[in-house]
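*Asks:* sequence and predicted structure, then a few things I'm wondering about:
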Amino acid sequence: MADRNRVYVRIAGNEYILCGSEPPEYIQKVALYVDQKTTEIMKANHTLSTSMASVLTAVNVADEMFKNKEQKESLQQELEQARKMIQELKKEKSELTQQLRKSNEENRQLVIELTKREAELSEVRNSLAKATGETSKTRLHNIK
């Protein structure tokens, strides 16, 4: 069983001993928050008793808690959607990377084929030039 810390705190002018397994600094922080909220309520309505102000403080803090819980759930849903989108984008990136590799390989093969065809065309032109008696300089064209 965890060690229990005993912390003396002051809330709405009253002294309390709070016990808990949390660090004393945390317990003090929580007590200070409750004291500030209770003090705000008591300043807004001077006729409230400490017990009424404490009940209103509890209601306000519970309201904050429920709103924070709803916001947390909403953010968790957004996070899950973002994670799914990231997975989809990673998959799409992978597919596009494969397509790019394939296209680059096809392009490389086409460049090789074009180079071969240009060499063949050059040979045919040279043969034609020899057969017709023309010089090869006048008929050669580079295709890029």
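*Replies:* Ah, there it is.
*Asks:* could I get the full set of strands for this protein?
*Replies:* Under the criterion DSSP state E, the chain carries strands at the ranges 5-11, 14-20.
*Asks:* tally of neighbours for Val7?
*Replies:* For Val7, the neighbour count with other Cβ atoms under 10 Å is 18. C-beta here means a position set from N, CA and C on the backbone, and glycine is covered the same way.
*Asks:* and it, bridged to which residues?
*Replies:* Val7 forms beta bridges with Leu18, as assigned by DSSP bridges.
*Asks:* show me the contacts for Thr38.
*Replies:* Counting by Cβ atoms under 8 Å, 6 or more residues apart in numbering, Thr38 touches 11-12, 50, 53-54, 57.
*Asks:* do that again at 10 Å, thanks
*Replies:* 11-14, 48, 50, 53-54, 56-58, 60-61 (Cβ atoms under 10 Å, 6 or more residues apart in numbering).
*Asks:* ditto for Asn104
*Replies:* Applying Cβ under 10 Å, 6+ apart, no residues contact Asn104.
*Asks:* for Thr97, see how far away it is.
*Replies:* As judged by Cβ to Cβ, to the nearest Å, Asn104 and Thr97 stand 10 Å apart.
*Asks:* correct me, but Leu48 touches Glu40?
*Replies:* No - contact criterion Cβ atoms under 10 Å: Leu48 and Glu40 do not qualify, at 11.4 Å.
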